[in-house]
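>>> Fold the following.
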Amino acid sequence: MNFYILNGWHYRSATAAVASLIDGYTNILDGDEQAALIARYEAAVRFASGLQMDHLLQATPGTELSGYELETLDLDKHCTPACEVWQSPVALVLVRTDYEPFTEQPAPDGNVVWINPATELTLLQTLASAGVIKFRVG
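Next comes the predicted model:
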């Protein structure tokens, strides 16, 4: 039997771990996967927005960004910037389900950090990869 460790707390399921991150998540789980996905998506957008700000604030002093880069980095995370490759020194934080294969929007390559709310486990794994949480399966 797996257990899930999130920020030092032990959970019996990925659902319980995600519920610790999303207010009201356990209330929508009664078989409504669409509502659960929407809740994970909205949480991913919030995490992506905060993480994007962190990346901007931690940019090396003197890093010069173009107007396009600044504008793109400042976009609402509900928006999907259309670029093939992100080459800015500041990582672009995006929500994976806004791009292929989930939509028709091609996903950019390059210096991109992805938050993926497609499943409970991918949300936890990508938040951990991005440094937002500490997570592991035991």
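>>> going forward, measure contacts and count neighbours with C-alpha atoms only.
Will do.
>>> thinking Ile133 is in contact with Ile5, fair?
No. In this structure Ile133 lies outside contact range of Ile5 using C-alpha atoms under 8 Å: 10.3 Å.
>>> hmm, who's touching the longest helix anywhere in the chain?
Counting residues, the longest helix in the chain under DSSP state H turns out to be helix 33-57. Contacts with helix 33-57, where a contact means C-alpha atoms under 8 Å, 6 or more residues apart in numbering, come from 22, 25, 28-29, 73, 76-78, 90-95, 97, 115-120, 123, 132.
>>> Could I get the average pLDDT for stretch 15-34?
Averaged across stretch 15-34, pLDDT comes to 89.
>>> Now do the end-to-end distance for that stretch.
Its first and final residues considered, stretch 15-34 spans 15 Å by C-alpha to C-alpha, to the nearest Å.
>>> Write the ChimeraX selection for whichever of the contacts of helix 33-57 are buried.
Buried subset of those, written as a ChimeraX selection, criterion 16 or more other C-alpha atoms under 10 Å:
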select :25,73,77,78,90,91,92,93,94,95,97,115,116,117,118,119,120,123
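>>> for stretch 119-128, which positions count as buried?
Within stretch 119-128, the residues scored as buried using 16+ other C-alpha under 10 Å are 119-121, 123-128.
>>> In contact with the spatially most central residue of the chain, which residues are there?
Geometric centre of the chain, nearest residue: Ile115, 2.3 Å, by C-alpha atoms, centre = their mean. By C-alpha under 8 Å, 6+ apart, Ile115 lies in contact with 44, 48, 93-96, 123, 126-127, 130.
>>> for the record, mean pLDDT for stretch 91-109?
What stretch 91-109 shows for mean pLDDT is 96.
>>> Quick one: residues in contact with that stretch.
41, 44-45, 48-49, 51-52, 55, 73, 77, 80, 82-86, 111-118.
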